[in-house]
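S.K.: Quick one: sequence plus predicted model below, questions after.
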Amino acid sequence: MIKNLPKLKTIYGKNKDIAFVDPWAFWNLPKLEEINLSYNYIKGIDYGSFSKLSSVQTLDLSWNEIEYIGQGSFQGMTSLKRLDLSRNYLNRFDATYYFSLTNSDTSLALEELNLSHNKLKLVVNLNSFLRLHVIDLSHNELSYINWTSNIRTSQWLTNLDLSDNYFSVFDLDLSNVYIDKLRIPFNDLYHPDAINVVARINVVVLDGNLWQCEAYTQLLEKFLKMQTTILDYEEDDDIYFLTKFERENYPTCFFSTDSFSPHRSILLLESTYKTRKNPRCRTKNQCPKDMFCKSGRCWKGCEQNICDETAVCVSDSHGFYCHCPRGKIPNPFVTETRCYNVQCFADDDCRKFGNICNEKTHKCEENVK
């Protein structure tokens, strides 16, 4: 339990083998602004785990094994701006239930919500967050969303990401809604009539669905009439990739009519449907040795920026660890992965020399008795 620390601003518990967060674990921390408990083994969030933390602005619970969130677990987090629950095992997200909201609640500050890489089939009541403008629902199992319960009239979204789901029909029939970037690649869309969009959209990413040339042509015409830019997924900052060989050998549809930009092309992705950089897995043995299994996918740990810039990330048999280079050591009394250019933090660092550690100078000195 962490309590009664009036000046504490950050709790950094990243990659610390944490399996459980005790209800009321954080108490009387009036200056706390950030909690990072990513890359752990937390399986659920119970009522009261983060309640009443009214000063916290960032909560990162990504890369865990969370299957459930109890009612009111985030109640009272009125300053929360960024909530990251990506790469867990959630199958539903109900904002009203988790935040114990009422119709009169208008004080929530949430701006960015990351629910990617879960098993979501249901998302409701996101319209309770009046300032929400970044929503990442990619890599889930969504086939339908009731937009009236998730997007408010006159709402402005900078990014709505629905990549890699199971949408065969996409109906965003909401006027007076502006979306700067809508991403719906790698779904089950194949016919232009399956997409009905009334909202104003600046940029849309469509590739990776089951388009045929004729259908895609009709879809381009539809979005171009709306003055929407169509962005190919390989141009986007996505994790999807195709090798040079694949790009040169998969069938391609070319457009050069007056309606479209010259030399525009789109890969016919029936054969590349749902191409992924991170294959599915259930156990670590289904992944290459330099990758680990988390949230149903294989990942390279040393590509996830887990270690501090002063440390070296080392892949180790379906896992990874942060290692200090020669001449530097970690501080065992803090949870961060930073390495320091000192001789010692504790007597154990000096024991091989038969010395003790001077806690002020962090140098090993003779043990004078």
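M.R.: The structure has been received and is ready for your questions. Numbers count the residues shown, from 1 in each chain.

S.K.: Isn't Q343 up against E365?
M.R.: No: using Cβ atoms under 8 Å, Q343 makes no contact with E365, being 9.4 Å away. Every residue, glycine included, has its C-beta placed from N, CA and C.

S.K.: between those two, what contacts are shared?
M.R.: Shared contacts of Q343 and E365, defined by Cβ atoms under 8 Å, 6 or more residues apart in numbering, comprise C350, C357.

S.K.: Looking at those two, which one has more neighbours?
M.R.: Applying other Cβ atoms under 10 Å to Q343 and E365 shows that Q343 carries more neighbours, namely 18 against 14.

S.K.: hey, where'd the helices end up in this protein?
M.R.: 95-99, 213-225, 244-249 (DSSP state H).

S.K.: in the longest one, what's buried?
M.R.: So the one you mean is helix 213-225. Within helix 213-225, the residues that count as buried by 16 or more other Cβ atoms under 10 Å are A215, Y216, T217, L219, L220, F223.

S.K.: In terms of residue numbering, what are the domains of the protein?
M.R.: With domains defined by automatic domain parsing, the chain comprises 2-285, 324-366.

S.K.: Tabulate those (JSON lines), appending distance to V312 and mean pLDDT.
M.R.: Shown next, in JSON lines, are these (distance: least, Cβ to Cβ, whole Å; pLDDT from 0 to 100):
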{"stretch": "domain 2-285", "distance to V312": "15", "mean pLDDT": "80"}
{"stretch": "domain 324-366", "distance to V312": "6", "mean pLDDT": "82"}
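
S.K.: Between these, which one is closest to H318.
M.R.: Comparing the domains of the chain against H318 with Cβ to Cβ, the closest turns out to be domain 2-285 (3.9 Å).

S.K.: roughly how far is that closest one from the heart of the chain?
M.R.: Relative to its parent chain, domain 2-285 has a centroid offset of 8 Å by Cα atoms, centre = their mean, to the nearest Å.

S.K.: Span of that domain from start to end?
M.R.: End-to-end span of domain 2-285 (Cα to Cα, to the nearest Å): 37 Å.

S.K.: Same check on stretch 342-358?
M.R.: 11 Å.

S.K.: tell me which residues in that stretch are buried?
M.R.: V342, Q343, C344, F345, D349, C350, N355, I356, C357.

S.K.: Please list all residues in contact with the second one.
M.R.: This means Q343. Counting by Cβ under 8 Å, 6+ apart, the residues that Q343 touches are I329, D349, C350, C357, H362, K363, C364.
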